[in-house]
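Q: return a 3D structure for these sequence lines:
(one chain, ligands or ions: 1)
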Amino acid sequence: MSGLTVSFEIFPPKTDAAWATLRPAMQRLAAYNPAFVSVTYGAGGSSRPATLETLQWLKRETDLPVGGHLTCVDVSRKDTDDVVRAYADLGINHIVALRGDPAEGPGADYKAHPEGYQSTADLIRGIRDIGDFEVSVSAYPEKHPHSPDFETDLDVLAAKVDAGATRAITQFFFENDTFYRYRDRVAARGIDVDIVPGILPIGSFRQVTNFAARCNSHIPARLFERFDGLDDDPELHRLVAAAVAAEQVDNLAANGVSEFHFYTLNRAELTIACCRMLGCHPANGEGQAA
Ligand SMILES: Cc1cc2nc3c(=O)[nH]c(=O)nc-3n(C[C@H](O)[C@H](O)[C@H](O)COP(=O)(O)OP(=O)(O)OC[C@H]3O[C@@H](n4cnc5c(N)ncnc54)[C@H](O)[C@@H]3O)c2cc1C
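A: Residues are numbered from 1 along each chain as shown. This is a model prediction of the structure:
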């Protein structure tokens, strides 16, 4: 191992076919000794059973550290606390604590549930009242789309860290300079938290442009050029995507980044290519998940 650590994010599969994709992918990813694997949570509790099922599966089939995402939007404090206790019952002691987007969509104004947690910082305090959880949170190098300015974004991050978060995982980005500027801003503001870049390997450039439009992530012109005309050429698309992701993580590592979080979208290949570029090698050839 290179001294660098990696973590992987997956989402709960909704169909048998999606499970059939995730199982072998997880088996391959597990061999790269992630610091943790986290499972996303549908805002408003929409994926609660599926997230719990996926966490249960990871706990049963692997010996990897596992983290559960949790949002507090649109639900009461009692319902949110029930999920925290369900995580604890599964032996999960790491929560990625989030506010989440309102049911009307990411563009809608956020209003806290009248009986719910009022903010992510409030949620973190609630989680830590229930048990001794490690808490990770989100961070936005290009600022959150709803944030009026960077100062507000940093205020929110500082409040989350004051409430007990120890790791901030960024929204995906494609310009590393944006990440470096953000890291400097966080440090200048005196916020003491690990800022871990969230890396989105480009499995489908078309899909990534849709994601990016929703969360205000800038896609540089050079990426449009590199993927131009590759929608119907999966082989070449994969080669270019691997080169782009490798270039990004290589530059981050050269600039002092030692922790990487991969949005795997339940696929292994591009994330593994990045791990290998970072000098991480499989602990064994087998993986651990069934
Ligand atoms: C690593 C990561 C994992 C994620 N996982 C999930 C998931 O599993 N499920 C899911 O549904 N979504 C997930 N999201 C998306 C997230 O839910 C959305 O981006 C959502 O819009 C904000 O939630 P948050 O926890 O980031 O909000 P926060 O960090 O609490 O706030 C986001 C921004 O809103 C603004 N803001 C918040 N409070 C105030 C205030 N009081 N006054 C002014 N401005 C304010 C600030 O600009 C702040 O930076 C994830 C995002 C990231 C980066």
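
Q: C-alpha from now on. contacts and neighbour counts both.
A: Will do.

Q: in the chain, what helix or strand scores lowest on average pLDDT?
A: Least confident helix or strand, the chain: helix 205-215 with a mean of 94, by mean pLDDT, DSSP states H and E.

Q: from the contact counts, what lies against that one?
A: Applying 3 or more C-alpha pairs under 8 Å, 6 or more residues apart in numbering; DSSP states H and E, we find helix 205-215 packed against no helix or strand.

Q: that one near the ligand anywhere?
A: No: using C-alpha under 6 Å from any ligand atom, no contact is recorded between helix 205-215 and the ligand, whose separation bottoms out at 7.1 Å.

Q: now that helix: buried residues?
A: Buried residues in helix 205-215, counted by 16 or more other C-alpha atoms under 10 Å: F205, V208, C215.

Q: can I assume the last one is in contact with K143?
A: No: the pair formed by C215 and K143 falls short of the contact definition of C-alpha atoms under 8 Å, at 9.5 Å.

Q: out of the buried residues of helix 205-215, who's nearest the ligand?
A: Within those, proximity to the ligand (C-alpha to the nearest ligand atom) peaks at C215, which comes in at 7.1 Å.

Q: phi and psi next, for L90.
A: phi -80, psi 0 (degrees, to the nearest 10).

Q: quick one on the thing from earlier: mind checking what helix or strand follows the least confident helix or strand of the chain in sequence?
A: For helix 205-215, the following helix or strand on the C-terminal side (DSSP states H and E) is helix 221-227.

Q: what's in contact with that next one?
A: By C-alpha atoms under 8 Å, 6 or more residues apart in numbering, the surrounding residues in contact with helix 221-227 are F205, H237, V240.

Q: likewise stretch 68-77?
A: Stretch 68-77 has contacts (C-alpha under 8 Å, 6+ apart) with 38-45, 51, 55, 80, 83, 87, 92, 94-103, 111-117, 119-120, 123.

Q: how long is that stretch from one end to the other?
A: Using C-alpha to C-alpha, to the nearest Å, the end-to-end distance of stretch 68-77 comes to 17 Å.

Q: centre of the chain versus that stretch, how much separation?
A: Put simply, stretch 68-77 sits 16 Å off its chain's centre (C-alpha atoms, centre = their mean, to the nearest Å).

Q: could I get the full set of strands for the stretch 51-200 of the chain?
A: Ranges of strands in the stretch 51-200 of the chain, per DSSP state E, counting those that start in this stretch, are 66-71, 94-98, 134-139, 167-170, 194-196, 198-199.

Q: D232: which of those strands is closest?
A: Closest to D232 of those is strand 198-199 (C-alpha to C-alpha; 24.0 Å).

Q: residues from the stretch 51-200 of the chain in reach of the ligand?
A: 69, 98-101, 106, 119-120, 138-139, 144, 146-147, 152-153, 156, 169-171.

Q: narrow the residues you listed to those that are buried.
A: 69, 98-101, 119-120, 138-139, 144, 153, 156, 169-171.

Q: residues near the residue nearest to R183 when sequence neighbours are not counted, how many?
A: Excluding the flanking residues, the one nearest R183 by C-alpha to C-alpha, 6 or more residues apart in numbering is I195, at 7.0 Å. Neighbour count of I195, defined by other C-alpha atoms under 10 Å: 23.
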